[in-house]
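In: I would like to see how this sequence folds:
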Amino acid sequence: MQDTVTYSTAKVAVSEFMDREFENFPKKLHLQFLNFFSELSTYEEEGVKLRPNILFTNNIDFVAKTIPNCYRISLFSDTVTEVKFNYHIKKLAPFCKHNWIIFVNIKENDITYGICRVLNSIKEQNLSKLIFSSSVLKERSDKISIVHVEPISNYTINLKSLKGEKLSINNTLDDTKVTDWETEIKEFVDASFSKLRTTEKKLNEIKTMYENVFDSVFKNIHGALCVIVDKDYEDNGFFSDGVWLKEPISFSKLFLRTKTYNESKLTAFCELFMDMLDYDGITIVDNTGRIRAYNVFVESNTRNINVVGGARKRAAYTVINSRRKRIIGVYFQSHDGEMFYKAVKK
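Out: Purely as a prediction, here's the structure:
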């Protein structure tokens with residue numbers, strides 16, 4: 001006798017979530033979205049892994065008008081009786097690599113597909129965060145429907161609505177891989193600037209910039225390892241196998257100490273930081289936000305703990321369990337999207 005197990009519970013949960021948020025969600029669109037849903041987390045185009053974010057709404061014009069510097073490009077349209085959701089999403093998905101979000105605007109008998117993003121500084125919040133923190137949009141949540149669908153990893157997709165509802169769909173049987181991405185990143189970012197002394201406004205700006213950098217890393221880099229050390233850390237050989245910068249790169253000096261800053265310079269150094277994270281090995285930063293080293297390797301020592309994963313994960317746990325002074329924490333991200341931030345054991 002053979003049992004067949006499906007993720008029908010997840011299908012029902014997603015279906016009910018959309019029904020609650022949209023009073024008249026077109027039936028054919030609903031069915032095609034559900035059929036395509038499982039592909040979102042593992043979607044590829046010509047061998048390039050993509051995690052397309054989709055924004056369902058009934059008033060993209062008002063959203064774009066409300067969010068400063070928000071731009072939208074409408075590209076396809078359907079009627080509610082002739083829906084080609086899969087076709088349009090596949091045509092739009094490659095644009096998500098550069099932080100565009102796909103929108104699906106449902107207006108009476110018409111469905112419009114396109115892309116949108118906010119064109120602001122790298123030290124400002126992205127479109128999704130601006131939408132869900134907008135008091136103007138929240139005040140109209142009885143009339144405006146918004147659902148943001150975001151693939152987080154190869155096995156997790158999150159849904160969030162303007163009304164504050166959240167749903168996380170996980171298709172993994174390993175509970176240790178189920179991660180609250182926002183919480184993990186916040187802990188990592190807080191630790192990365194725990195000893196930076198500046199105004200609250202400027203500290204929030206640089207933390208937002210860091211979050212944006214790691215949001216791009218998470219979406220576009222298939223594996224990263226970043227270690228935070230204390231600002232007074234001096235290596236005694238543990239991290240000797242790597243490239244230590246003679247002059248650490250300080251993000252705070254790029255724009256925090258002046259009234260004006262060079263956006264192009266800031267963006268260029270953020271891209272450099274992401275390139276370092278994309279290298280094999282560990283990138284080392286300190287708790288004032290300075291980049292200290294990259295392409296660093298440690299001799300893995302995980303004999304006494306059960307670590308399932310490759311060399312990057314073994315290196316992460318080697319550092320976590322090293323109990324070395326002035327090493328604070330480890331950010332780990334695997335090729336399939338598993339991620340965590342853990343403090344080094346004392």
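
In: now the closest residue in space to Gly310 that isn't next to it in sequence: how far from Ser240?
Out: The shortest distance from Gly310 to any non-neighbouring residue, by C-beta to C-beta, 6 or more residues apart in numbering, is to Ser334 (7.6 Å). All C-beta spots, glycine's among them, are computed from the backbone N, C-alpha and C. For Ser334, the distance to Ser240 equals 25 Å [C-beta to C-beta, to the nearest Å].

In: So the two - more neighbours on which side?
Out: Ser334 (20 against 12; other C-beta atoms under 10 Å).

In: Surely that one is in contact with Gly223?
Out: Yes - in this structure Ser334 lies within contact range of Gly223 using C-beta atoms under 8 Å: 5.8 Å.

In: Please identify every residue contacting each of these two.
Out: Jointly contacting Ser334 and Gly223 under the rule C-beta atoms under 8 Å, 6 or more residues apart in numbering are Arg312.

In: Flag the shaky bits of this protein, pLDDT-wise.
Out: Within the chain, the segments meeting pLDDT under 70 span 1-7, 173-179, 255-261, 302-309.

In: so who does the spatially most central residue of it touch?
Out: By C-alpha atoms, centre = their mean, the chain has its centre lying nearest to Asp215, at 3.6 Å. Contact partners of Asp215, counting by C-beta under 8 Å, 6+ apart, are 126, 185.

In: Recalculate using a threshold of 7 Å.
Out: Asn126 (C-beta atoms under 7 Å, 6 or more residues apart in numbering).

In: how about it, secondary structure?
Out: Under DSSP: H, G, I helix; E, B strand; the rest coil, Asp215 falls in the helix class.

In: how much space between it and Ile122?
Out: Asp215 is 11 Å from Ile122, by C-beta to C-beta.

In: for Pro248, same thing?
Out: According to C-beta to C-beta, Pro248 stands 20 Å off from Ile122.

In: likewise Trp244?
Out: In terms of C-beta to C-beta, Trp244 sits 26 Å off from Ile122.

In: of those two, who's got more company?
Out: For Trp244 and Ile122, the more surrounded residue by other C-beta under 10 Å is Ile122, and the numbers stand at 18 against 14.

In: how about that one, secondary structure?
Out: Here Ile122 is recorded as coil under three-state DSSP.

In: quick one: contacts for it?
Out: Here Ile122 is in contact with 209, 212, 266-267, 270 (C-beta under 7 Å, 6+ apart).

In: Which among those count as buried?
Out: If you count burial by 16 or more other C-beta atoms under 10 Å, the buried members of the contacts of Ile122 come out as 209, 212, 266, 270.

In: list the contacts for the last one?
Out: The contact partners of Cys270, taken as C-beta under 7 Å, 6+ apart, are 122, 209, 213.

In: give me that answer again for 8 Å
Out: By C-beta under 8 Å, 6+ apart, Cys270 lies in contact with 122, 209, 212-213.

In: And it, how close does it get to Leu40?
Out: Counting by C-beta to C-beta - Cys270 and Leu40 are separated by 27 Å.

In: Likewise for the second one?
Out: Noted for Asn212: a distance of 22 Å to Leu40, by C-beta to C-beta.

In: And the third one, by the same measure?
Out: Distance from Leu266 to Leu40, counting by C-beta to C-beta: 32 Å.

In: Which secondary structure element is home to Lys202?
Out: helix 200-220 (DSSP states H and E).
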